[in-house]
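Engineer: Turn this into a structure:
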Amino acid sequence: MPDVDFTATAHLRVGVVPAFGYVQDLTTYPQWFTIVDRVVPEPTGEGWAVDLAARLGPLKRTKRVRMVRCVLEPTARRVVFERHELDGGSHSPWVLSASVAESVPGCDLTMHLHYGGLGWVPGLDLILREEARRAGARLERRLLQHGHLPHRE
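Structural biologist: Purely as a prediction, here's the structure:
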């Protein structure tokens, strides 16, 4: 199976600052990016136990990985989370990056997901692509519900 590697962009009607506030915090992802099912911060603060999940009909595929934030560029509003296990074994790469850019009115959220593993269920890459597209609308709704006003020209 080839790697899963794709990018999706969504326009949000909110400002870049509140959007990036959510995007840089991995613990918010289960609230708006449903492939991130659960996030548990490590006591050391160095990483997170992340349950990644996707449903294909009656089948739900879940994978637990340890993720770390390896890039945080606040001025560029870009963040990258990567799989980084501590057991010394060889593991398939998982990379999730997100960036938020000014766009009038509002901002554009760009999500990039890379999975380099084997044993993937056929069709799951299509579900992940669609989920990445829908995540922007969920994030926008969440921000608006929490009092962040729509951005106006």
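Engineer: And the strands in the chain, which stretches?
Structural biologist: Along the chain, the stretches classed as strands by DSSP state E are 4-12, 36-41, 48-56, 59-73, 78-83, 94-102, 107-115.
Engineer: Which strands and helices lie in contact with the worst-scoring helix or strand of the chain on mean pLDDT?
Structural biologist: Within the chain, no helix or strand scores below helix 124-145, which has a mean of 84 by mean pLDDT, DSSP states H and E. The criterion is 3 or more C-beta pairs under 8 Å, 6 or more residues apart in numbering; DSSP states H and E, and the helices and strands that helix 124-145 contacts are strand 4-12, helix 16-23, helix 29-32, strand 48-56, strand 107-115. For glycine as for every other residue, the C-beta is placed from the backbone atoms N, C-alpha and C.
Engineer: I would like the residues contacting the first one, please.
Structural biologist: Just to be clear, that refers to strand 4-12. 19, 103, 106-116, 120, 124-125, 128-129, 132-133, 135-137, 139-140, 143 (C-beta atoms under 8 Å, 6 or more residues apart in numbering).
Engineer: Go again with 7 Å.
Structural biologist: Applying C-beta atoms under 7 Å, 6 or more residues apart in numbering, the contact partners of strand 4-12 are 19, 103, 106-115, 120, 125, 128-129, 132-133, 136-137, 139-140.
Engineer: Of those, just the buried ones, ChimeraX syntax please.
Structural biologist: Only the buried entries of those go into this ChimeraX selection, using 16 or more other C-beta atoms under 10 Å:
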select :19,106,107,108,109,110,111,112,113,114,115,120,125,128,132,136,139,140
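Engineer: circling back to that earlier point, and Val68, which of the helices and strands packed on helix 124-145 is closest to it?
Structural biologist: In terms of C-beta to C-beta, the element of these nearest to Val68 is strand 48-56, at 7.7 Å.
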